[in-house]
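# my questions concern the predicted model and sequence given below.
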Amino acid sequence: MIDTAQDIVVTTDRSRLDVDTIHGFLRDAYWSCGIPRDTVVRAIENSICFGAFEGDRQVGFARVITDRATFGYVSDVFVLESHRGRGIGKSLMSAIMSHPELQGLRRWTLFTRDAHGLYRQYGFGEGRHPERLMEVFNDHPYGVTV
């Protein structure tokens, strides 16, 4: 558990995660628009999750998809609009990057449309070999067009 200067606590305690808040945000986010609740639950179950809380209220979230040995993919990072500008995104990223099960990974990845400045503070940059990256991408996995 990490305490921030703004009385925000970041924790990996799954029992504290508010799935309704997480799903409510992700359902409308540009990267996961229309995501079903059961998909969010399954994603949480199969990731290391980080919740940011003000008292008992969840105000932020992030998760890392990882094998805990060589690779980590940072995903679904968000802070509720009412709590932005208070350093909560930085607190989430600091907790992720210092998590004991995520030390010594060979590769970290993430995708973002609008938070490059935040992630650069934690060592993220342009892909080292973008010509090697391949992906299969489904533009509308949840049947919603953004």
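Cool, got the structure.
# show me what Ile65 is bridged to.
Bridge pairing for Ile65 (DSSP bridges) gives the partners Tyr73.
# what's the neighbour count on it?
Counted with other CB atoms under 10 Å, residues neighbouring Ile65 total 15. All C-beta atoms are positioned from the backbone trio N, CA, C, and that covers glycine.
# begin at 4, not 1, for the rest of this chat.
Got it, first residue is 4 now, which makes that one Ile68.
# which ones are touching it?
Residues in contact with Ile68, defined by CB atoms under 8 Å, 6 or more residues apart in numbering, are Asn49, Ser50, Gly75, Tyr76, Ser78.
# what do you get for Ser78?
Applying CB under 8 Å, 6+ apart, the residues contacting Ser78 are Ala46, Ser50, Ala65, Arg66, Val67, Ile68, Leu113.
# where does it land in three-state SS?
Assigned state for Ser78: strand (three-state reduction, DSSP: H, G, I helix; E, B strand; the rest coil).
# need the helices for the protein, in chain order.
Assigned by DSSP state H, the chain shows helices spanning 22-29, 40-48, 91-101, 119-123.
# just send the ones you listed back as a markdown table, with distance to Val12 and mean pLDDT too.
What follows is the helices of the chain, written out as a markdown table (distance: least, CB to CB, whole Å; pLDDT from 0 to 100):
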| stretch | distance to Val12 | mean pLDDT |
| --- | --- | --- |
| helix 22-29 | 15 | 98 |
| helix 40-48 | 18 | 98 |
| helix 91-101 | 9 | 97 |
| helix 119-123 | 20 | 95 |
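# can I get the ones you listed in a markdown table including mean neighbour count and distance to Pro144?
A markdown table is the format used below for those (neighbours: other CB atoms under 10 Å; distance: least, CB to CB, whole Å):
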| stretch | mean neighbour count | distance to Pro144 |
| --- | --- | --- |
| helix 22-29 | 17 | 13 |
| helix 40-48 | 14 | 9 |
| helix 91-101 | 20 | 25 |
| helix 119-123 | 13 | 24 |
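# so which of those is nearest Thr14?
helix 91-101 (8.2 Å; CB to CB).
# show me what the closest one is packed against.
Helix 91-101 is packed against strand 5-6, strand 11-14, strand 51-57, strand 60-69, strand 74-82, helix 119-123, with contacts defined by 3 or more CB pairs under 8 Å, 6 or more residues apart in numbering; DSSP states H and E.
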